[in-house]
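K.L.:
below are the sequence and a predicted model for it; my questions follow.
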Amino acid sequence: MPAQQHSRQRGPSFSRRDFLKGSGAAVAATAIVTAPQEIDAAQESGPKVTSAEPTEVTLTVNGRNYRLKVEPRVTLLEVLRNDLNLTGAKEVCETTTCGACTVLIDGKATYACARLAIECEGQDIRTIESLRNGDQVDEVIAGFVKHDATQCGFCTPGFVMATKAFLAKHPKATLEDVRKGLGGNICRCGTYKGITECALELARKGGA
């Protein structure tokens, strides 16, 4: 029997092209079944997401009360810099790891970028600006200058505030204590030696 005739007797073949055509038809049929009005109805019955309205808060910063209207998503750092013009705390890493935005909240070193402004109502907030009174500066700032603990300066305000809080809690700190206690702040210029010497000198005097 000729090969051509034998092939016809094997019955109809099912090619890859036929499969793809069939799949496309099935998808089209599904789309037709789900009518636009049904999709709209499903969306309307689902939860509606809207942005939260700005909220009035009173923040106590450097001994003064500030009445502000802020969105709940706004961070303390954004309020300090954008609303109160207190730009000492720096926005550097955007990942809550470098400590350049460190401030004191009720005496505790805290990343301002990691706290919502509305969370801080009723708490005592201190920024680097609070450590200066005219020509008089806090001894931690003076110590940083004395020991050449700054270079570019971006990390300096955060390090000063972290050092202030650390020495208040550990007035007799050792070198190991200082290294561990200031581990939450990063200096990209590598001025750790000067920062450490400043902290140890103040610790020998009984803290800051």
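P.N.:
Sure thing, it's come through.

K.L.:
where are the low-confidence patches of the chain?
P.N.:
The chain contains residues with pLDDT under 70 at 1-51, 207-208.

K.L.:
please repeat the previous calculation with a cut-off of 80.
P.N.:
Along the chain, the model assigns pLDDT under 80 to residues 1-51, 206-208.

K.L.:
hey, where'd the strands end up in it?
P.N.:
Using DSSP state E, the strands of the chain run over 55-61, 64-70, 102-105, 108-111, 124-126, 132-133, 136-137.

K.L.:
mind listing what's buried along the first one?
P.N.:
Yep, that's strand 55-61 we're talking about. Neighbour counts over strand 55-61 (16 or more other CB atoms under 10 Å) mark V57, L59, V61 as buried. C-betas here are computed from N, CA, C, even on glycine.

K.L.:
still on that earlier bit, just the strands of the chain: most buried one?
P.N.:
Neighbour counts (mean count of other CB atoms under 10 Å) averaged over each of the strands of the chain peak at strand 102-105, with a mean of 24.

K.L.:
who's in contact with that one?
P.N.:
With CB atoms under 8 Å, 6 or more residues apart in numbering as the test, strand 102-105 has contacts from 76, 80, 89, 109-112, 115, 120, 123-128, 157-159, 161-162, 164-165, 184-185.

K.L.:
re earlier: now the buried residues of strand 55-61 in JSON lines, with distance to L202?
P.N.:
What follows is the buried residues of strand 55-61, written out as JSON lines (distance: CB to CB, whole Å):
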{"residue": "V57", "distance to L202": "35"}
{"residue": "L59", "distance to L202": "29"}
{"residue": "V61", "distance to L202": "25"}
